[in-house]
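Student: What would the 3D arrangement of this be:
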Amino acid sequence: MKEKIILLVEDNPDDVELTMRAFKKNNIANRIVVAKDGVEALDYLFCTGQYAGRDKKDSPVVVLLDLKLPKVNGLEVLERIRKHDATKLLPVVILTSSEEERDLIQSYKLGANSYVQKPVSFEEFVKAVKQLGLYWLVLNRSPELA
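Tutor: Coordinates of the predicted model:
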C-alpha cells in the first residue's frame, strides 16, 4: 500500500510544531512534508526547483494549506493546484487563523475541499487535527492522481 503523505504548507514554525505535536498525540504517523512558503509548496507538488528529482509517486493525499504565506500566498497556491491536470483533484484543506469572510469565500470559489480555522487552544487544535486525520486519511476516498 502506498504511503499516505500529508503536505503541510505553513510558514510559522510554532504552528508547524503545534501541528506535528497534534498529529503525534493523535497517533497519525503519516509522513508529513512541510513547505515554508507558497513557492516551496508548488515546487514540491510539481517536482520543480529543489524538488526537481522527487518521484511523482510520492505525492500527498491531502494538502493542509495556510493562506498567509510569503512569496506566493495560499489562495494563489490553491488556484495553481486546481489549474494543473495532475493536481486538480488533490484534496486541499485550508488550515488558517484568518477570520476574514472573504478568505473563506475565495477559498471555496477556488476549489478548496474544506476550510478550518485554527483553534486558539492546543487541546481544541488537537481535536481538530484528529478529526482532519480521521476524515482525510481514513474515511475519505480520493482518486489516484497521475
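
Student: so what pLDDT did the residue nearest to the spatial centre of the chain get?
Tutor: Of all residues in the chain, the one closest to the mean position by C-alpha atoms, centre = their mean is residue 64, 1.7 Å from it. The model reports residue 64 with a pLDDT of 95.

Student: Strands of the protein, residue ranges please.
Tutor: Taking DSSP state E to define them, one finds strands in the chain at 5-9, 32-35, 60-65, 92-96, 114-117.

Student: could I get those as JSON lines with distance to residue 79?
Tutor: Heads up, the C-betas are built off the backbone N, CA and C, glycines and all. Compiled in JSON lines, the strands of the chain are given as follows (distance: least, C-beta to C-beta, whole Å):
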{"stretch": "strand 5-9", "distance to residue 79": "14"}
{"stretch": "strand 32-35", "distance to residue 79": "16"}
{"stretch": "strand 60-65", "distance to residue 79": "11"}
{"stretch": "strand 92-96", "distance to residue 79": "11"}
{"stretch": "strand 114-117", "distance to residue 79": "15"}
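
Student: worst average pLDDT in these?
Tutor: strand 114-117 has the lowest average pLDDT among those, namely a mean of 90.

Student: Can you spell out which helices and strands pack onto that one?
Tutor: strand 92-96, helix 101-109 (3 or more C-beta pairs under 8 Å, 6 or more residues apart in numbering; DSSP states H and E).

Student: May I have the first one as PDB, with CA atoms only?
Tutor: Just to be clear, that refers to strand 92-96. C-alpha atoms of strand 92-96 as PDB (Å, rounded to 0.1, in the frame of the first residue of the first chain):
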ATOM      1  CA  VAL A  92      -6.900  20.800  -0.200                       C
ATOM      2  CA  VAL A  93      -7.800  21.800   3.300                       C
ATOM      3  CA  ILE A  94      -7.400  25.400   4.200                       C
ATOM      4  CA  LEU A  95      -5.900  25.500   7.700                       C
ATOM      5  CA  THR A  96      -5.600  29.100   8.700                       C
END
